[in-house]
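Engineer: the following block contains a protein sequence and its predicted model.
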Amino acid sequence: MARSESRVRVVRVKAGERDARADVLAAEEPLEIRVNGRRLAVTMRTPTEDFSLAVGFLLSEGLIGAADEVHSVRYCGRDFGPGAEDTDNTVDVVLRPGVQAPAPEMERQVLMSSACGLCGRTSIENVRTQSRFPVDGDPMRVTESFVLQMPEVLRERQKVFDRTGGLHAAGLFNTATGELVAVREDVGRHNAVDKVLGWALLEGMLPLSGHALMVSGRASFELTQKAMTAGVPMLASVSAPSSLAVDLAREAGMTLAGFVRGDRFVIYAGEHRILPDVAAVPACEPQ
């Protein structure tokens with residue numbers, strides 16, 4: 001059984017009858033993220049793609065912006081190898097010489113739950129992260145049908161959700177080809193996004209111009225900010241955005257779409273990037 005899942009005994013009740021059986025749950029465990037051996041944060045996550053999660057978290061915090069700023073990523077001070085993920089819940093990201101380490105005051109003072117990626121910030125000013133990659137000038141264009149297909153394509157790739165029903169997902173789409181290039185699942189929305197963006201950073205793909213990020217839950221301020229820090233010009237969600245998410249998207253020049261379900265969705269920011277299907281533009285090709 002993969003560490004992303006846990007099997008437990010349950011009792012199902014239906015119409016007054018009880019049935020004892022085994023059930024599969026999404027795993028949730030703490031992960032301590034260190035930078036150069038110093039603890040930065042502890043988050044609750046589904047134990048998969050821990051290296052991408054740690055690197056994506058640093059990206060979201062504005063600490064790194066490229067793969068060459070990372071010297072190594074290790075479990076508990078040990079180099080990654082077969083079986084390391086079976087025992088380790090501490091990841092140490094070692095930065096290359098010359099890359100500034102986080103200041104001591106950046107250490108999160110409380111455990112970040114799977115529902116909160118901003119927990120532990122010590123001031124309102126520290127909530128906002130500056131991005132190295134402006135998105136307002138990104139020429140990406142997609143059609144309405146492209147947007148409507150994104151949730152279905154993402155859902156088809158949610159393998160652990162099929163078995164547990166208890167995970168959020170984030171998917172990164174190349175809008176030029178229509179390809180879903182990365183999917184990550186986690187008990188926390190913010191973790192799923194960090195896993196995707198961390199993977200993209202380690203692959204040397206940043207900034208993610210010409211890409212769209214689709215999330216399975218709501219579009220919060222923190223998810224919008226995470227997308228912005230990676231240079232993603234468009235964020236879409238199956239549920240509602242928050243008011244701060246809309247404000248940030250408009251300020252940054254991002255495209256933000258919510259309630260992407262069935263045959264409809266709502267554009268909250270960046271309307272110019274989503275073209276009607278009647279326009280003479282291929283569904284997945286930018287202009």
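Structural biologist: The structure has been received and is ready for your questions. Everything numeric in this text was worked out from a predicted model, so none of it was measured.
Engineer: pLDDT-wise, which helix or strand of this structure ranks last?
Structural biologist: Least confident helix or strand, the chain: strand 78-79 with a mean of 50, by mean pLDDT, DSSP states H and E.
Engineer: show me where the chain has its helices.
Structural biologist: Remark: helices assigned in the chain by DSSP state H are 50-60, 144-156, 159-164, 189-202, 221-229, 243-252.
Engineer: now what about the first one, what contacts it?
Structural biologist: Contacting residues not belonging to helix 50-60 are listed as 31, 33, 35, 40-41, 43, 45, 64-65, 70, 73, 75, 80, 85, 88, 91, 93, 117, 129, 184, 186, 190-191, 193-199, 201-202, 206, 222, 225-226, 229-230 [Cβ atoms under 8 Å, 6 or more residues apart in numbering]. (Each C-beta comes from the backbone N, C-alpha and C, glycine too.)
Engineer: just the buried residues of these.
Structural biologist: 31, 33, 35, 40-41, 43, 45, 64-65, 70, 73, 75, 85, 88, 91, 93, 117, 184, 186, 190-191, 193-199, 201-202, 206, 222, 225-226, 229-230 (16 or more other Cβ atoms under 10 Å).
Engineer: spatially nearest residue to Arg18 (excluding sequence neighbours)?
Structural biologist: Val11 (5.4 Å; Cβ to Cβ, 6 or more residues apart in numbering).
Engineer: hey, what's that neighbour bridged with?
Structural biologist: Legend: beta-bridge partners of Val11 under DSSP bridges are Ala20.
Engineer: now the closest residue to Arg261 other than its chain neighbours: phi and psi?
Structural biologist: Leaving aside its chain neighbours, Arg261 sits nearest to Val238 (5.9 Å; criterion: Cβ to Cβ, 6+ apart). Per-residue torsions, Val238: phi -80, psi -10 (degrees, to the nearest 10).
Engineer: excluding covalently adjacent residues, which one is nearest to the residue sitting nearest the centre point of the chain?
Structural biologist: Centroid-nearest residue in the chain, with Cα atoms, centre = their mean: Val193, separated by 0.1 Å. Using Cβ to Cβ, 6+ apart and skipping the chain neighbours, the partner closest in space to Val193 is Ala170 (4.6 Å).
Engineer: what does Leu172 give?
Structural biologist: Nearest non-adjacent residue to Leu172, counting by Cβ to Cβ, 6+ apart: Ala182, 4.5 Å away.
Engineer: distance of that neighbour relative to Leu167?
Structural biologist: For Ala182, the distance to Leu167 equals 15 Å [Cβ to Cβ, to the nearest Å].
Engineer: Thr224 too?
Structural biologist: As judged by Cβ to Cβ, Thr224 and Leu167 stand 21 Å apart.
Engineer: now Lys159
Structural biologist: Counting by Cβ to Cβ - Lys159 and Leu167 are separated by 10 Å.
Engineer: give me the common contacts of those two.
Structural biologist: With Cβ under 8 Å, 6+ apart, Lys159 and Leu167 have common neighbours Glu185.
Engineer: tell me which of the two has more neighbours.
Structural biologist: Set Lys159 next to Leu167 and count neighbours by other Cβ atoms under 10 Å: Leu167 wins out with 28 against 14.
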